[in-house]
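> with the sequence up front, the predicted model follows.
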Amino acid sequence: MAQLSLWIGIAALIFLQNVSAFNLVCYFTSWSQYREAPAGFVTDDIEPDLCTHIIYAFANISGNQITHYEWNDATTYENLRGLKTRNPKLKILLSVGGAKLGSAPFQNINTSPATRSEFVASVISFLRTNNFDGLDVAWNEPSQNDKRHLVKLVQDLNVAFRYEARRNPERQNLILSVAVPAGKEAIDNGFDIQNIARFADFLNVLSFNFHGYWPDHSHPYTGHGSPLRKSRADRGSASAYNVDYAIRYLKTKGAPTRKIIMGIPTYGQTFTLSSVQTGVGAPASGPGLAGTFTKSAGTLAYYEICSFNHGATKENIEEQQVPYSYKGNQWVGYEDETSVPIKVQYAKNNNLGDTGEALVSESATRGPDPQYSNVGFSPVLFPWQEVDSKQLGILTLTSSQRPLAWELIVWSAVARLERVAGCLRGALPLRRCADVGAREIR
């Protein structure tokens, strides 16, 4: 199978740190193997030297035990271990949770201290048996009643990980990360940020999907999925639908800046326009048309946006510092070679993840989750040489509303990144653009 060095629209999580080279953390999902060619992805397609960390999603929970999910997970685990023979410094983590698993299994393991202890013990045994370097907790939408149980779970994992490492000094301490939402309501409802941050090595902030054409028709107008800042037109709760608000709010809730990892989406949220209006806030009658490969209405992979942008009108939302394009009745908001460096600079200016032993030595992020992604797979796109690559760490994560693949990014050269940037700008002919989305990704 071709080694895709492309991105089929995912979310990139970015953090900064004081190290001599950037970290690139890549999500690899079990269901990516089932995607239609050429988007299918298996462990043989992973180039281990291109990622500092790989997170495999998902593990299951059954009977207070962490277990495998896919029929061939044992083989996948073995193949993942094999990557370390080619890159001994590679860190491989396992993510447990996600939207498909839901809250019930997490609630069951938190029935009592004994059931939680049983789960924690199974986690350590499972991680060590299969040579994983850590765990990513992806409890999807915990309720108000679950709030304290999530804290207790993270606390017990932290204590057990440290105790296990002390008893086995030849082993490194297992890594622990927790995924947290960017929406104020979701944070308030299920996440005690201050106490979670006490015990987790870092928090992976899902700072995307602020806007989209949702199934409940609650947002029947265009809007960017991950605006950096609020718009003058934002009123009431809409004032919180931006990255800057989310980061600042998490700080007020007790998240140390050094533990905040900011998400940047590298897929596009799409809409079908219902009038002649084409700007932000234009009426929409539904999600945008499904992409050729991603096959899911409402989002497009970047190679699909690349093709879309030929003949499209491209605009920039100045006050929110992100772009969008429209053609006919189709509208897409995305990131480009201008908006990504701006967001990275924002992360630097706010000292996000710039210190702390956990981030410096074992940077990772939440496991992919169907609630947050439905596009395939990506490199963290554009030229980061402008923002000091020696301090830039990049993590990737696919995100969508439907359970499609979350793949791995494997870009190796700035030349390729510039090719993609040229494609998105419409500076390359369609044939070359298609090459970026197919032949250039091998």
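Received the coordinates, thanks.

> tell me where the model's unsure across the chain.
Filtered on pLDDT under 70, the chain yields the residue ranges 1-27, 35, 38-40, 50-51, 266, 303, 353-442.

> now stretch 271-281: buried residues?
By neighbour count on 16 or more other CB atoms under 10 Å, the buried set for stretch 271-281 is F271, T272, L273, T278, V280. Any C-beta I mention is one placed from the backbone N, CA and C, and that applies to glycine too.

> same check on stretch 107-123?
I109, N110, R116, F119, V120, A121, S122, V123.

> ok, so of these, who is nearest T292?
Closest approach between the buried residues of stretch 107-123 and T292, by CB to CB: V123, at 39.7 Å.

> mind checking how far that closest one is from G134?
Computed as CB to CB, to the nearest Å, the V123 to G134 distance reads 10 Å.

> in which helix or strand does K343 reside?
helix 339-349 (DSSP states H and E).

> run the chain-centre distance for that helix.
Centroid displacement of helix 339-349 relative to its chain, using CA atoms, centre = their mean, to the nearest Å, is 17 Å.

> stretch 227-238 now?
With CA atoms, centre = their mean, you get 23 Å for stretch 227-238.

> possible to save the buried residues of stretch 107-123 as a markdown table with distance to Q345 and secondary structure?
Formatted as a markdown table, those follow (distance: CB to CB, whole Å; DSSP: H, G, I helix; E, B strand; the rest coil):
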| residue | distance to Q345 | secondary structure |
| --- | --- | --- |
| I109 | 41 | helix |
| N110 | 40 | coil |
| R116 | 41 | helix |
| F119 | 41 | helix |
| V120 | 39 | helix |
| A121 | 44 | helix |
| S122 | 43 | helix |
| V123 | 37 | helix |
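
> name the residues that touch stretch 138-152?
Here stretch 138-152 makes contact (CB atoms under 8 Å, 6 or more residues apart in numbering) with 57-58, 95-99, 101-103, 106-107, 110, 116, 137, 153, 178-179, 181, 186, 189-192, 195-196, 199, 366-367, 369, 371.

> return the subset of those residues lying in helices.
Among the contacts of stretch 138-152, the ones falling in helices (DSSP state H) are F106, Q107, R116, L153, A186, N189, G190, N195, I196, F199.

> the fifth one - how many residues pack around it?
In this case it means A186. Using other CB atoms under 10 Å, A186 has 14 other residues around it.

> what's the closest non-adjacent residue to it?
E141 (6.8 Å; CB to CB, 6 or more residues apart in numbering).

> next, count neighbours for the closest residue to Y213 other than its chain neighbours.
In this structure, Y213 finds its nearest non-sequential neighbour in P287, 4.2 Å apart by CB to CB, 6+ apart. Neighbourhood size, P287 [other CB under 10 Å]: 19.

> equivalent analysis for the one 4 residues further on, please.
A count of nearby residues for G291, using other CB under 10 Å, gives 26.

> which element is it on?
Here G291, judged by DSSP H and E, is contained in no helix and no strand.

> quick one: contacts for it?
Applying CB under 8 Å, 6+ apart, we find G291 in contact with T299, L300, A301, E304, V375.

> buried set for the lengthiest strand in the chain?
Scanning the chain for the longest strand, with DSSP state E as the assignment, gives strand 53-62. For strand 53-62, burial by neighbour count (16+ other CB under 10 Å) applies to H53, I54, I55, Y56, A57, F58, A59, N60, I61.

> for the second one, which residues make a bridge with it?
In other words, I54. Here I54 sits in beta bridges with C26, I92, as judged by DSSP bridges.

> where do the strands of the stretch 151-300 of the chain begin and end?
175-181, 202-206, 260-265, 268-273, 284-287, 299-300 (DSSP state E, counting those that start in this stretch).

> mind checking which of the ones you listed is nearest A347?
Closest to A347 of these is strand 260-265 (CB to CB; 5.2 Å).

> ok and that closest one relative to helix 339-349, angle-wise?
Angle, strand 260-265 to helix 339-349, by axes from the mean of the first three to the mean of the last three CA atoms, to 10 degrees: 170 degrees.

> what is strand 260-265 packed up against?
Helices and strands touching strand 260-265, by 3 or more CB pairs under 8 Å, 6 or more residues apart in numbering; DSSP states H and E, are strand 11-16, strand 202-206, helix 243-252, helix 339-349.

> switch the strands of the stretch 151-300 of the chain over to JSON lines; also include distance to N87.
Putting the strands of the stretch 151-300 of the chain into JSON lines (distance: least, CB to CB, whole Å) gives the following:
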{"stretch": "strand 175-181", "distance to N87": "17"}
{"stretch": "strand 202-206", "distance to N87": "22"}
{"stretch": "strand 260-265", "distance to N87": "22"}
{"stretch": "strand 268-273", "distance to N87": "32"}
{"stretch": "strand 284-287", "distance to N87": "39"}
{"stretch": "strand 299-300", "distance to N87": "31"}
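
> nearest to S231, out of the ones you listed?
Closest among the strands of the stretch 151-300 of the chain, using CB to CB: strand 268-273, at 15.4 Å.

> starting at the chain centroid, how far to the closest one?
20 Å.

> again, but for stretch 117-125
26 Å.

> okay, the helices and strands packed on strand 260-265 in JSON lines with mean neighbour count and distance to P323 next?
Listed next are the helices and strands packed on strand 260-265 as JSON lines, based on neighbours: other CB atoms under 10 Å; distance: least, CB to CB, whole Å:
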{"stretch": "strand 11-16", "mean neighbour count": "30", "distance to P323": "16"}
{"stretch": "strand 202-206", "mean neighbour count": "27", "distance to P323": "21"}
{"stretch": "helix 243-252", "mean neighbour count": "19", "distance to P323": "15"}
{"stretch": "helix 339-349", "mean neighbour count": "19", "distance to P323": "6"}
